[in-house]
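*Asks:* I would like to see how this sequence folds:
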Amino acid sequence: MLLTEPQRTIVLSNKRFKVIRAGRRFGKTILAIELLVFKAVNTKDARVVYVAPTFQSARDIAWEGLKKRIVGLNVQPNETRLEVDVPNKYGGVSKIMLRSWDSVETLRGQFFDLIILDEIAHIKNFWINWQEVLRPTLTDRQGQALFISTPSGFNHFFDLCNLELTDNEFQSFHFTSWDNPYLPKDELEKAKATLPEDRFSQEYLAEFTKTTGLVYKEFDRASHLYENDDLVPKSFKRYAGVDFGFRNPAAVAEVRTDGDRFFVTDEWYKTERTDTQIADYVAGCGFEAVYPDPENPSAIEELNRRRVNVREVAKGKGSVEAGVSKIQELFKTGKLRIHKRCVNLIAELESYSYDEEKDGKNDNEKPIKHKDHLLDALSYAIRMLLAGPSGESIIKQDESFRQAENLQHLNSSK
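*Replies:* I've put the predicted structure just below:
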């Protein structure tokens with residue numbers, strides 16, 4: 001199949017990891033299929049895999065196109081597993097597979113010559129699965145990877161596009177829908193005239209824009225991020241909010257404050273951690289006080305066993321909205337800053353949204369319960385630190401707890 005010039009530019013790059021940011025109907029799927037087949041046919045006993053967000057999307061987006069592309073190879077595709085063995089030029093057989101992101105764990109321990117990840121901006125837990133599951137599968141054969149997507153807010157795909165700045169194995173490409181010469185230009189003009197500007201910029205121009213219905217529209221990287229640790233006064237106390245989880249990530253947001261200004265200095269974001277492991281981590285940090293999710297009493301008991309200063313978190317009707325309101329106000333007044341190392345928290349801030357169809361009309365003003373683990377942890381801490389007559393009074397209470405705890409420890413050791 002004849003590739004367009006932008007597609008050829010991508011193919012001719014000698015970089016190992018290619019990140020393609022492209023508008024709708026640019027030709028991403030066609031490019032993916034061509035690369036899968038080319039690698040399979042021209043590599044001895046190759047193993048190549050295309051990964052879509054879901055199994056159904058893998059079938060709908062690429063499977064039919066792949067079958068049409070290999071008609072001349074006289075092979076029999078496996079319709080159930082979405083796999084096909086094709087002959088390569090070395091007289092052997094290469095395997096092409098289609099998989100889903102929600103089953104990506106099944107690829108652990110295998111090896112691949114090429115991995116193509118499609119619609120990467122719309123998947124969960126990208127970095128964990130890329131670093132722990134997929135990246136090691138490319139080691140044996142020094143395999144390549146292609147990351148393809150239209151943007152969806154400033155999430156992990158934004159960071160992936162910027163990796164070329166620090167890793168010379170990466171290269172990013174940016175193309176719009178206009179770069180596909182086969183698309184009717186009048187249709188693109190109609191879309192431009194009828195869609196909201198942000199939506200058109202994201203979907204057709206492949207620009208990074210803030211998600212429609214974004215909860216924390218006040219958050220701005222330029223204003224609210226910092227990287228110099230010396231910016232935080234030494235006198236500020238260390239607190240933490242904790243959101244428990246196992247399959248979903250457990251999250252700990254470290255907050256330093258004097259009761260007026262707040263700095264999120266670090267984050268802990270791990271999957272498949274037991275209550276005991278979470279408690280061990282929190283206890284080892286030596287926080288002044290910890291504000292955990294009150295809906296997990298067994299996990300809180302693990303914290304208490306380790307003599308962690310566990311403070312009560314009020315949770316009920318209106319608590320989510322109250323936490324959102326306090327964080328929004330801190331952003332507006334410039335009193336909340338976040339360290340650049342907190343990449344998962346930043347991603348949540350830039351994607352946490354209200355239901356798009358109810359944006360501005362949601363009676364409860366409750367955000368969608370998705371990608372909010374660190375935001376929940378941060379909300380517990382900030383909401384309760386500001387719950388007393390003043391932030392200072394909360395800090396004094398925590399100091400009193402420490403003094404009482406130390407006295408009890410001394411008495412028990414006599």
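
*Asks:* Show me how the chain divides into domains.
*Replies:* Annotated domains of the chain cover 5-203, 221-413 [automatic domain parsing].

*Asks:* Just give me the lowest mean pLDDT stretch among those.
*Replies:* Here the domains of the chain differ in mean pLDDT, and the lowest is domain 221-413 at a mean of 85.

*Asks:* so Asn296 makes contact with Asp275?
*Replies:* Yes - when contacts are counted by C-beta atoms under 8 Å, Asn296 is listed as touching Asp275 (7.4 Å). To be clear about C-beta, it is placed using only N, CA and C from the backbone, and glycine gets the same treatment.

*Asks:* Which of the helices or strands spans Glu207?
*Replies:* If you go by DSSP states H and E, Glu207 is not part of any helix or strand.

*Asks:* Apologies, that question was intended for Ile300.
*Replies:* In the assignment (DSSP H and E), Ile300 maps to helix 297-305.

*Asks:* Can you name every helix or strand that that helix contacts?
*Replies:* The contact analysis (3 or more C-beta pairs under 8 Å, 6 or more residues apart in numbering; DSSP states H and E) places helix 297-305 against helix 275-285, strand 289-292.

*Asks:* Which positions in the first one come out as buried?
*Replies:* Of the residues in helix 275-285, Asp275, Ile278, Ala279, Tyr281, Val282, Ala283 count as buried by neighbour count, 16 or more other C-beta atoms under 10 Å.

*Asks:* Please identify which of the residues you listed is nearest to Glu227.
*Replies:* Ranked by distance to Glu227 (C-beta to C-beta), the buried residues of helix 275-285 are led by Tyr281 at 23.5 Å.

*Asks:* OK, contacts around that closest one?
*Replies:* Neighbour list for Tyr281: Val252, Trp268, Arg273 [criterion: C-beta atoms under 8 Å, 6 or more residues apart in numbering].

*Asks:* and the gap between the nearest residue to Leu214 once chain neighbours are set aside and Asp85?
*Replies:* Nearest in space to Leu214, with sequence neighbours left out and distances taken as C-beta to C-beta, 6 or more residues apart in numbering, is Ser353 at 5.5 Å. Plainly put, Ser353 is 43 Å away from Asp85 if you go by C-beta to C-beta, to the nearest Å.

*Asks:* Between those two, which is the more surrounded one?
*Replies:* For Ser353 versus Asp85, neighbours defined as other C-beta atoms under 10 Å are more numerous around Ser353 (19 against 16).

*Asks:* burial of Arg135, as a residue count?
*Replies:* Using other C-beta under 10 Å, Arg135 has 14 neighbouring residues.

*Asks:* Kindly report the same for Val324.
*Replies:* Val324: 19 neighbours (other C-beta under 10 Å).

*Asks:* That one contacts Val215, doesn't it?
*Replies:* Yes - here Val324 reaches Val215: they are 6.1 Å apart, a contact under C-beta under 8 Å.

*Asks:* Identify the contacts common to the two.
*Replies:* Counting by C-beta under 8 Å, 6+ apart, the common neighbours of Val324 and Val215 are Pro367.

*Asks:* Please enumerate the strands of the stretch 101-250 of the chain.
*Replies:* Ranges of strands within the stretch 101-250 of the chain are 114-118, 144-149, 170-175, 225-226, 237-243, 250-257, based on DSSP state E, counting those that start in this stretch.

*Asks:* other SSEs contacting the last one?
*Replies:* The contact analysis (3+ C-beta pairs under 8 Å, 6+ apart) places strand 250-257 against strand 237-243, strand 262-270, helix 275-285, helix 373-385.

*Asks:* can you tell me which residues contact Ala253?
*Replies:* By C-beta under 8 Å, 6+ apart, the contact set of Ala253 is Ala240, Gly241, Val264, Glu267, Cys342, Leu345, Leu374, Ala377, Leu378, Ala381.

*Asks:* Tell me the bridge partners for it.
*Replies:* Gly241, Glu267 (DSSP bridges).

*Asks:* how about the domains of the chain, which one is nearest Thr209?
*Replies:* Of all the domains of the chain, domain 5-203 sits nearest to Thr209, with 4.6 Å by C-beta to C-beta.

*Asks:* And Glu267, how far from Cys161?
*Replies:* Here the distance between Glu267 and Cys161 works out to 22 Å (C-beta to C-beta).

*Asks:* With Ser94 instead?
*Replies:* Noted for Ser94: a distance of 30 Å to Cys161, by C-beta to C-beta.
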